[in-house]
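Participant: fold the following for me, if possible:
(one chain, ligands or ions: 1)
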Amino acid sequence: MDKLPAHNPDSNMGDYNAACRDFRWEEVLKNFEFSSTGRVNAAHEAVDRHVKTMGDRIALRFLDDEEEETYTFQELSLASNRFANLLLELGVNKKDRVFIFMPRSLELYIAFFGILKVGAIPVPLFEAFMREGLLDRMGDCDPVAVVTHESLKERIPRDEVETLESVIVVGGTEENEIGFDEIKTKDSSFEPVWLDLDDPLLIHYTSGSTGKPKGVLHAQRAIIGHYQTGKWILDLNKDDNYWCTADPGWVTGTSYGIFAPLLNGVGTIIRQGRFTAERWYETIERAKVTVWYTAPTALRLLMGEKEDTASKFDLSSLRYILSVGEPLNPEVIRWALKVYKQPIHDTWWMTETGMIMISNYPSMPIKPGSMGKPFPGVEAAIIDDNGKELGVNEVGNLALKKGWPSMMKEIWKREEKFKEYFIFDPWFISGDSAYIDEDGYFHFHGRVDDVINTAGERVGPFEVESRLVEHPRIVEAAVIGKPDPVRGEIIKAFVVVRGVIEDREALCRELIEFVKGGLAAHSAPREIEFIDTLPKTRSGKIMQRVLKARELGYDLGDLSGAGEGV
Ligand code: WT7
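Facilitator: Purely as a prediction, here's the structure:
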């Protein structure tokens, strides 16, 4: 498909090249109160400071199947003050970690800002995680408190996390738990704990190709990037009805579901419940969504619906659509042009980058299949395995020059992991491969490592393999991402089992449930193959790449390091 004309030349950013030429991060600072007061707190910038000028505007709009409930900036400010006072009483201090393990709800957002106000570090976790998944993450960063819901609290490994003192529960409480409702009895005034730009903001856990999930710690300064990308990439304006479909358990749900809109004084729509085409289209119709930030898998699922599903809803409010998390097929853009009468704007970034780094802008022509161009002030390049910059159309490591405000500050307690991203300092190496075409557009090529991207969720093979081998029947396991037309990739496991397999299907089901029940539904394999031996290097490391090549029918390449089983 050829280049599509710019969707909206009159967007906030205006001309891309001019924006790049004139851009300075220092200028962006002027939009924050801390630039004149010297006192930093992300909750103050996103919520409290708006109370004076637009306290009655809606900050949160929560919809479930039947009803909706809204919170103005003022109400959110007061409720999160009460929550902050509760935390203080519980002895939560600056830099303490507080997990948020809740379904999407207003309480989640109140807790999030309350935690920020006391200077503590929120660690949001997606509600699908099970006990083992929680234990890996809690055991890593030692939280003092968790905010949860009665339907999820059983999964919290309270006895095994020694630091965990307070469990705050929305809904029914038992002994040793604190009811979320107690905030009603707390004072609604609170002065935020003032911080520096380099103090922590939050932690998101994400997966690499080896080892347990890593805690990506962001600094308060990340909000500078959230603000400006919200303005120029999401193109947010005060009267927009903005819906980011990501859960705050993932970085998109905090950077772009919370910070970017609120920092820009724009409310954010929260939809309870899981994805169904009807539920999502109904949300757009009911909330008159104007700007919609979503993901390729969701769009592919919508594309797979019956022709008339979209036409049953009034989607005419939509003025601008973006997506992130996986490659966006040109086919999806073609379909969107037909059904939504507009293209989808792809954006590229990662948990570690904290903000969108490469994107298609409303004022720039789209090349379907391309991720777009670097954000003004961001320097991106393709470098080879020796750190040398490559030329046009050459595939190599997608790298970003450090210095953008939302870059992660550290990997929690794992300095060596952090350093791995900077082997070619000052370049941050993303782990993705890509190339730049003759017009300066970036094109995604693949992951360099074994990280799996299933329906936009990043899963480390090691985490799944570790869970599988905990099953009494499993001797060894290896996990790969297998291409899938809807989910991008699915998780496929190769397992060596003990004893005779009587009923393959039953055992498959049992193993899948075992991973779901222990880790999380999205980490469970969709396919399992029983195998006699796993291919390994001479030193005994499992060679996932051999299994993947076999699965896809590729040439196995250089296997000189291989030992058994190849
Ligand atoms: C990985 C990061 C923060 C966004 C949500 C995912 C893949 C992300 C794209 C895109 C192709 C993409 C990359 C990246 N990815 N955006 N537009 N096209 N691939 O964050 O879980 O940290 O995953 O998602 O492989 O490295 P994440």
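Participant: can you count the residues close to the closest residue to Gly518 other than its chain neighbours?
Facilitator: In space, and not counting its chain neighbours, Gly518 is closest to Glu132: 4.1 Å by Cβ to Cβ, 6 or more residues apart in numbering. Where C-beta positions appear, they are placed from N, C-alpha and C, glycine not excepted. For Glu132, the tally of surrounding residues (other Cβ atoms under 10 Å) stands at 20.
Participant: quick check, Glu132 in a strand?
Facilitator: No. Counting by DSSP: H, G, I helix; E, B strand; the rest coil, one finds Glu132 to be helix, located in no strand.
Participant: so it touches Leu519, yeah?
Facilitator: Yes. Contact criterion Cβ atoms under 8 Å: Glu132 and Leu519 qualify, at 5.4 Å.
Participant: any residues in contact with both of these two?
Facilitator: Contact criterion Cβ atoms under 8 Å, 6 or more residues apart in numbering; residues shared by Glu132 and Leu519: Arg467.
Participant: what helices or strands is the helix or strand containing Ile321 leaning on?
Facilitator: Assigned by DSSP states H and E, Ile321 falls within strand 320-324. Counting contacts by 3 or more Cβ pairs under 8 Å, 6 or more residues apart in numbering; DSSP states H and E, strand 320-324 is packed against strand 291-294, strand 345-348.
Participant: in JSON lines: these, plus distance to the ligand and mean neighbour count.
Facilitator: Putting the helices and strands packed on strand 320-324 into JSON lines (distance: least, Cβ to the nearest ligand atom, whole Å; neighbours: other Cβ atoms under 10 Å) gives the following:
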{"stretch": "strand 291-294", "distance to the ligand": "10", "mean neighbour count": "24"}
{"stretch": "strand 345-348", "distance to the ligand": "4", "mean neighbour count": "26"}
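Participant: any chance of those strands in TSV, plus mean pLDDT?
Facilitator: Converted to TSV, those look like this (pLDDT from 0 to 100):
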stretch	mean pLDDT
strand 291-294	98
strand 345-348	98
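Participant: now render those as a markdown table, adding distance to Ile224.
Facilitator: Output for those, formatted as a markdown table (distance: least, Cβ to Cβ, whole Å):
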| stretch | distance to Ile224 |
| --- | --- |
| strand 291-294 | 19 |
| strand 345-348 | 18 |
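Participant: which single residue in the stretch 1-150 of the chain comes nearest to the ligand?
Facilitator: Closest residue of the stretch 1-150 of the chain to the ligand, Cβ to the nearest ligand atom: Phe126 (11.2 Å).
Participant: now do the SS call for the closest residue to the ligand within the stretch 301-450 of the chain.
Facilitator: Nearest residue of the stretch 301-450 of the chain to the ligand: Thr351, at 3.4 Å (Cβ to the nearest ligand atom). Following three-state DSSP, Thr351 is assigned to coil.
Participant: begin at 32 from now on, thanks
Facilitator: Renumbered: residue one is now 32, and that last one reads Thr382.
Participant: burial measure for it, as a count.
Facilitator: Thr382: 18 surrounding residues under other Cβ under 10 Å.
Participant: got it, and Asp534?
Facilitator: Close neighbours of Asp534, defined as other Cβ under 10 Å, add up to 9.
Participant: got the contact list for Tyr47?
Facilitator: Tyr47 is in contact with 392, 394-395, 404, 407, counting by Cβ under 8 Å, 6+ apart.
Participant: around the ligand, which positions in the chain sit nearby?
Facilitator: Within the chain, the positions near the ligand by Cβ under 6 Å from any ligand atom are 237, 282-283, 355-358, 377-382, 402, 461-463, 475, 478, 484, 489.
Participant: can I have the buried ones of the residues you listed as a ChimeraX selection?
Facilitator: Selecting only the buried entries of the residues of the chain next to the ligand in ChimeraX, with 16 or more other Cβ atoms under 10 Å as the criterion:
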select :237,282,283,355,356,357,358,377,378,379,380,381,382,402,461,462,463,475,478,484,489
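Participant: which of the helices and strands packed on strand 351-355 sits closest to Asp534?
Facilitator: Asp534 lies closest to strand 322-325 among the helices and strands packed on strand 351-355, at 40.0 Å (Cβ to Cβ).
Participant: pairing partners for the closest one, with directions?
Facilitator: Here strand 322-325 has these sheet partners by DSSP bridges: strand 273-275 (parallel), strand 351-355 (parallel).
Participant: how about the residue of the stretch 32-181 of the chain closest to the ligand, nearest residue that isn't a chain neighbour?
Facilitator: Take Phe157 and drop its neighbours on the chain: the residue closest to it by Cβ to Cβ, 6+ apart is Gly280, 3.0 Å away.
Participant: hmm, the one you found is touching Pro155, no?
Facilitator: Yes. With contacts counted by Cβ under 8 Å, Gly280 reaches Pro155, the gap being 5.1 Å.
Participant: which one's more surrounded, the two?
Facilitator: Taking other Cβ under 10 Å, Gly280 and Pro155 do not tie; Pro155 has more neighbours (27 against 23).
Participant: hey, what's that one bridged with?
Facilitator: Note on Pro155: beta-bridge partners by DSSP bridges are Ile131.
Participant: just the one 5 residues further on next, same as before
Facilitator: Under DSSP bridges, the beta-bridge partners of Phe160 are Ala551.
Participant: OK, contacts around it?
Facilitator: Taking Cβ under 8 Å, 6+ apart, we find Phe160 in contact with 132, 168, 186, 550-551.
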